[in-house]
Every structure is written in C-alpha cells, then in structure tokens.
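Visitor: What follows is a predicted structure for the sequence shown.
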Amino acid sequence: MYIDARKCDYENLGMSASDSATWRDRDKEFTKCLYSQWFAESLDEIITRLWEIDDIGVVEQTGEFVRLLKEAEFTYSVGAYQSAIALIGVCAEDLCRFIAANSGKSYDKLRQKDRIDKLQDDGLITAELSDKFHVIRRLRNDCLHFNNCFKAKADADLRTDALEAINTLKMLYALIVGAIDYKTVDLAKLSDVLEALVDASINVSDSAVKGGNDVRNRLRNIFAAAFGIDLSLTSSKTKSSVISLFVIDEIDLDIIPQEATLKDIVGKGALYVDLQESDIAYMAAQHIEEGDTILACVESESDDLGMTSKWTFSRNFKVRKITS
C-alpha cells in the first residue's frame, strides 16, 4: 500500500491563501524536524555503508557516468538499495558508450547485453571485464523489471547486491579509464586534483558533503597515499597541520620574527607563518614571491590552553610554487 498524505490542502478547508501559506510553512518545519531526527538516528549506519564502498583514489578522465556514480553511492549510503542498483546500471551503460566513443565507435543503438558483447568482440574489453559488466546488467534488470526472484529478496540481500554493483562498477572504471598512480603523480596534477576538490565542495549539483573540511580530509588521504605523510592531528593533539593551496599575501622581513601572511584558498582564512633563515633562502632560490600561489604544509604547536600558537612551514614537506 502506498500512502501519501504528506501535505494538507488548507484552501480546501476554507482557509485564505495567506493563512494556508502560514500553516504550510509550519508543516514544512515539522517535517524538517522529522527528517533531522531520522538522519541523527541513522547517521552511524549511513557512515558504515559509506565505508563499505571501495575507494579507488582519483580517476582524472570523467563522463556523465561519474555524476551517476556519486548519486548511486549516496543512495546506497542512505539505504535506498534498489535506487542505487538502477543508477549503477545506467552508469555502466554510459561507461560502455564512453569506451566505444574513445575508440571511434558507436554502439548507441544496441541493447546493453549486445553492447557488452560487441565491446569484447572488438577487443575493447577483456572477457573478464565483460563478465563484470554482465553482472551489473543482470542486477539492474532484476531491479527495473521486478523479477519474481528480486521481489522476494530480503533487504539484506538487496544491500549485498547494491554494494556488489557499486564496487564492481568502480573497479571497472579504475581499470578501464585509469586511476592516478600516486607514486608517479607530479605537483601540477596534485594542484589539478585540489582545484577539482574545491569545485566539488561548492558545486550545488554535486551529491556530496560540502565545505573546506571535506576537501582537507580527502586531500590528507591523497597525500598519505602519495608521500606517506599523515597530515592529520597527532594522537596527543599537540600539533596541528594544514595542507592547502595558499596565496602569499605578504612577506615581511623587516620584523622579528620575520613572517609571511598566507591566504588559504580552501579554508578561506589567513595564517601568519614565522620564517626561518632556511625558509627565506629556499623561497628566494625558488623565486617564490608575494602574490604567488603555493602548495604548502604549515604546522603549529598547541599552547597551554590547547590553542594553536605560532605557525611554521613543515620540515617534512617542501613548499611548492604552483602559479605566479
């Protein structure tokens, strides 16, 4: 049984348009509270499901299927397993079209089953990858056409199928399109990754957590994989580290201690960094000047109140000049 009845038609009860609007606003606030309560009670499970999804790092080349993949991950995290499977099915179709188009071919008029077989026949994917695409196709068909077997499945089984579909698609995406190899990535590429993270954090059409803290968390994980450096707080929380893109607003060598004012592009704040003689010499050698954009890690020891005191450049990470 499908029961709607979420909204009340106050005009039908004889209320004026103005009064109806007032009562509708009240109902919206009440519903907002219901959703907030549901989210708070479900948060642990949502995060658990997010952590079940495989992490493939960074894949530079994208298509429309990437947006669908992000939506599928979100719907899985909130427990909408059938929606996740359906989205992944569409995503897999788009990925197949992407593979064909990159080889100068078009299989748009084919059914997905025939499209997958054609990709294998033409040598664009291996038999193993073809089998993986067929797994997703079958799961998606069961979902959309409501086969008897699928309708009888328990919620736990749907969860298993949805997770398999998502992780299989992500594996195919990384293998076929190519995930960035952190061991060979250059600084310019890392800068591109950071800019993409910032864009995603402010893009209202992107189904993801927004804000600078999410950018920092993802960037921390990327740097841990690339350089083996953990930029998070220490376990004792005595030292804070910030890795980001900074614009050098000012370099003041006429005061003691000498310092640089850095504007954090991601966090939108400003930091005053004490400069050592070695910092000044290094910046001069690298032609780093006021107005330049740099990729840097800055650290601060906590004072007796547990607050950050002076900031310095990390000795474990060299400042990189990105743009002038």
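Guide: Looks like it arrived, so ask away.

Visitor: Quick check: chain neighbours aside, which residue is closest to residue 295?
Guide: residue 320 (4.3 Å; Cβ to Cβ, 6 or more residues apart in numbering). Placement of C-beta: from N, CA and C, glycine included.

Visitor: Could you do residue 99 as well?
Guide: In space, residue 99 is closest to residue 124, 5.5 Å off (Cβ to Cβ, 6+ apart).

Visitor: now do residue 23
Guide: residue 10 (5.2 Å).

Visitor: same question, residue 270
Guide: residue 263 (5.3 Å).

Visitor: Is that neighbour bridged to anything, and to what?
Guide: With DSSP bridges as the criterion, residue 263 is bridged to residue 247, residue 270.

Visitor: Could you pull out the helices in the stretch 101-250 of the chain for me?
Guide: Using DSSP state H, counting those that start in this stretch, the helices found in the stretch 101-250 of the chain span residues 112-121, 127-145, 148-151, 155-173, 187-202, 212-227.

Visitor: Packing partners of whichever strand or helix holds residue 300?
Guide: Residue 300 is located in strand 293-302, with elements delineated by DSSP states H and E. Judged by 3 or more Cβ pairs under 8 Å, 6 or more residues apart in numbering; DSSP states H and E, the packing partners of strand 293-302 are helix 187-202, strand 239-252, strand 259-264, strand 308-313, strand 320-323.

Visitor: Mind checking the pLDDT average for the second one?
Guide: Right, strand 239-252. Mean pLDDT, strand 239-252: 83.

Visitor: quick one: buried residues of it?
Guide: 240, 241, 242, 243, 244, 245, 246, 247, 248, 251 (16 or more other Cβ atoms under 10 Å).

Visitor: Give me the mean pLDDT for stretch 175-182.
Guide: 77.

Visitor: ok, residues contacting it?
Guide: 56-61, 95, 98-99, 125, 129, 189, 193, 222, 225-226 (Cβ atoms under 8 Å, 6 or more residues apart in numbering).

Visitor: rerun at 7 Å
Guide: With contact meaning Cβ atoms under 7 Å, 6 or more residues apart in numbering, stretch 175-182 is reached by 56, 57, 58, 59, 60, 61, 99, 129, 189, 225, 226.

Visitor: Settle this for me: residue 106 is touching residue 100, isn't it.
Guide: Yes: if you go by Cβ atoms under 7 Å, residue 106 and residue 100 touch, sitting 6.2 Å apart.
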